[in-house]
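Peer 1: The following comprises the amino acid sequence and a computationally predicted model.
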Amino acid sequence: MKSTGLCSLALAGFFAFAAPSMAQNAIVVGSLGQQALTTGMVGLTSNQTARLSVLNLNTTPTTTSAFTPPNSCTVELQFFDAQNNSVKQFVVPSFAPQTATSLDLKRSEIIAQTTNPAEIRGLITVNPTPTPVGAPANPGYCSVFVTLQIFDQTTGSTVVFTSDTRSILSGTMIPFTAIR
């Protein structure tokens, strides 16, 4: 029997026995190595800029072989408003180990919200599914560290700084019923 057949049989057995005890009858199917991290909501007022930064924590391998997975990946940085509308995004197709990148958003760029402060959050997606902005060129695994900073454009002083993020489900929810 092929190894793929064994994997399929093992997965079928898992779902047959584990499904009845699961709280939700659904599985998540996403891209290999895909993860998404979101910040909480923060207020951005006039004369302020939000900076969403991400650092690739992977180390550079000292030796390489055919079995060494790539240490770089694709990352997408996005800002969303309080209604979950994408405000700005940026894709880095080959995010190298031990490097950082960032995305800035000025309050003046948020035209949909007329109230001050405008509520925003940052989202980092590792190995995103293809979008109009760009497609993942390198689907390697990356461990990332995310920060969100709000600073005054005139003085450069930091007003808000957080590295508190939460993983969110990425992929598609597929309902299933237990096999009995």
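Peer 2: Received the coordinates, thanks. Residues are numbered from 1 along each chain as shown.
Peer 1: low pLDDT regions in the protein?
Peer 2: Within the chain, the ranges that satisfy pLDDT under 70 run 1-33, 63-70, 130-139, 169-180.
Peer 1: all strands in it, in order from the N-terminus.
Peer 2: 26-29, 35-38, 42-44, 48-56, 73-81, 86-95, 100-106, 118-126, 144-152, 158-162, 166-168, 172-175 (DSSP state E).
Peer 1: Can you list the strands that the longest one pairs with?
Peer 2: By that I understand strand 86-95. Paired with strand 86-95 in the same sheet, following DSSP bridges, are strand 73-81 (antiparallel).
Peer 1: pull the CA atoms of the partner strand into PDB?
Peer 2: Written as PDB, here are the backbone C-alpha positions of strand 73-81 (Å, rounded to 0.1, in the frame of the first residue of the first chain):
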ATOM      1  CA  CYS A  73       8.700  32.600   3.100                       C
ATOM      2  CA  THR A  74       6.100  35.000   1.800                       C
ATOM      3  CA  VAL A  75       4.500  37.500   4.200                       C
ATOM      4  CA  GLU A  76       1.600  39.800   3.700                       C
ATOM      5  CA  LEU A  77       1.100  42.800   6.000                       C
ATOM      6  CA  GLN A  78      -2.300  44.400   6.100                       C
ATOM      7  CA  PHE A  79      -4.300  47.100   8.000                       C
ATOM      8  CA  PHE A  80      -8.000  46.700   8.600                       C
ATOM      9  CA  ASP A  81     -10.600  49.200   9.900                       C
END
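Peer 1: Give me the angle between it and strand 118-126.
Peer 2: Going by axes from the mean of the first three to the mean of the last three Cα atoms, to 10 degrees, strand 73-81 is angled at 160 degrees with respect to strand 118-126.
Peer 1: Output the strands of the chain as CSV; include the columns distance to Ala112 and mean neighbour count.
Peer 2: Heads up, the C-betas are built off the backbone N, CA and C, glycines and all. Below are the strands of the chain laid out as CSV (distance: least, Cβ to Cβ, whole Å; neighbours: other Cβ atoms under 10 Å):
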stretch, distance to Ala112, mean neighbour count
strand 26-29, 30, 12
strand 35-38, 19, 19
strand 42-44, 13, 21
strand 48-56, 15, 21
strand 73-81, 6, 23
strand 86-95, 8, 18
strand 100-106, 13, 16
strand 118-126, 8, 23
strand 144-152, 18, 18
strand 158-162, 21, 13
strand 166-168, 22, 10
strand 172-175, 27, 10
